[in-house]
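K.L.:
Sharing a sequence plus its predicted fold:
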Amino acid sequence: MARTALTMTAATLTATAALLLTACGGGGDDSSQDDIKGAETGAASPSASDSASREAGQPDLGLPSDLKVDFDVSKPSEDRQAAALDNAKNYILALNHGITAQDPEDPAYQFYSLGNATKYARTQIQAWVDDKWTATGTDSYYKSRTDDVSDSGGVLVTLCRDQSEFFGKNVDTDKVKHTEPSLDDYQEFRLLMKPPQASQKIWKVLQIEVQGRVKECKR
């Protein structure tokens, strides 16, 4: 298992491509590769998100001490895009939470997702559990972009990912599966965020697309 199930799988879900084509460029929020490492960074804990997106009743996102999730991103100037980005980050944290909890039915990812994004998270976590792997190291996200999706009122959140220091650890032996740095370490995440509905207070991930071996994300 040179790369974990989550790191190797590219999920292109129904309707994502069409929604990408309708995204407007006016709300872009690019983070330069030259930004200081750790600026606007979130560790793997509930403090990773701004308080605006942390409502009462949201699930625990804490992770073991040997796993950290870093978000080197800039907060968008528009409140709705900032809220969408915050909960895209929470969804990623929730994926890691489910992996380390070894629980394919973990309530954390279900709280931050709908539809195909929920199915994606469940499938990924189940793959880790089936292969008896948990996660360790540092999972890094950066070069964020937020774009309004004109025909749905949603927001498309795009993030680069560096998993060169993110590894699988066998749950029985605690042996870490180290990998050599390569282009496989760099991915692009595209998360389609659905705005809060009548009874909801937070943005949720509706669709997710993960593209592997993205040269533009290499740093």
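P.N.:
Structure received. It should be emphasised that the depicted structure is a prediction, and the values quoted were computed from it without experimental measurement. Residues are numbered from 1 along each chain as shown.
K.L.:
Which helix or strand contains L61?
P.N.:
Using DSSP states H and E, L61 sits in no helix or strand.
K.L.:
how much space between it and N87?
P.N.:
11 Å (C-beta to C-beta, to the nearest Å). For the C-beta atoms, the positions are set from N, CA and C on the backbone; glycine is no exception.
K.L.:
which strands and helices sit next to the helix or strand containing I99?
P.N.:
Per DSSP H and E, I99 falls inside helix 79-101. In this structure, helix 79-101 packs against strand 67-72, helix 107-111, helix 115-130, strand 133-149, strand 154-162, strand 186-194, strand 204-212, with contacts taken as 3 or more C-beta pairs under 8 Å, 6 or more residues apart in numbering; DSSP states H and E.
K.L.:
Report the angle between the third one and helix 79-101.
P.N.:
Which is helix 115-130. Here the directions of helix 115-130 and helix 79-101 differ by 20 degrees (axes from the mean of the first three to the mean of the last three C-alpha atoms, to 10 degrees).
K.L.:
Which positions within helix 115-130 qualify as buried?
P.N.:
G115, N116, A117, T118, Y120, A121, R122, Q124, I125, A127, W128, V129 (16 or more other C-beta atoms under 10 Å).
K.L.:
Check stretch 186-197 too.
P.N.:
Those would be Y186, Q187, E188, F189, R190, L191, L192, M193, K194, P195, for stretch 186-197 by 16+ other C-beta under 10 Å.
K.L.:
which stretches of the protein aren't confidently modelled?
P.N.:
Filtered on pLDDT under 70, the chain yields the residue ranges 1-56.
K.L.:
how does it look with 50?
P.N.:
1-2, 4-53 (pLDDT under 50).
K.L.:
tell me the contacts of the residue positioned nearest the centre of it?
P.N.:
Most central in the chain under C-alpha atoms, centre = their mean is I92, positioned 2.9 Å from the mean C-alpha point. Residues in contact with I92 (C-beta atoms under 8 Å, 6 or more residues apart in numbering) are V69, D139, Y141, L159, F189.
K.L.:
Let me have the residues you listed in JSON lines, extended by distance to G98.
P.N.:
Formatted as JSON lines, the contacts of I92 follow (distance: C-beta to C-beta, whole Å):
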{"residue": "V69", "distance to G98": "13"}
{"residue": "D139", "distance to G98": "13"}
{"residue": "Y141", "distance to G98": "17"}
{"residue": "L159", "distance to G98": "19"}
{"residue": "F189", "distance to G98": "16"}
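K.L.:
Phi, psi for P104 please.
P.N.:
Main-chain dihedrals, P104, degrees, to the nearest 10: phi -60, psi -20.
K.L.:
Next one: it from A121, what distance?
P.N.:
P104 sits 9 Å away from A121, going by C-beta to C-beta.
K.L.:
what residues are shared contacts of these two?
P.N.:
Shared contacts of P104 and A121, defined by C-beta under 8 Å, 6+ apart, comprise G98.
K.L.:
Which of the three states applies to the residue lying farthest from the centre of the chain?
P.N.:
Most distant residue from the mean C-alpha position of the chain: T173, 27.5 Å away (C-alpha atoms, centre = their mean). Assigned by DSSP: H, G, I helix; E, B strand; the rest coil, the conformation of T173 is coil.
K.L.:
roughly how far apart are it and W133?
P.N.:
Where W133 is concerned, T173 sits at a distance of 11 Å (C-beta to C-beta).
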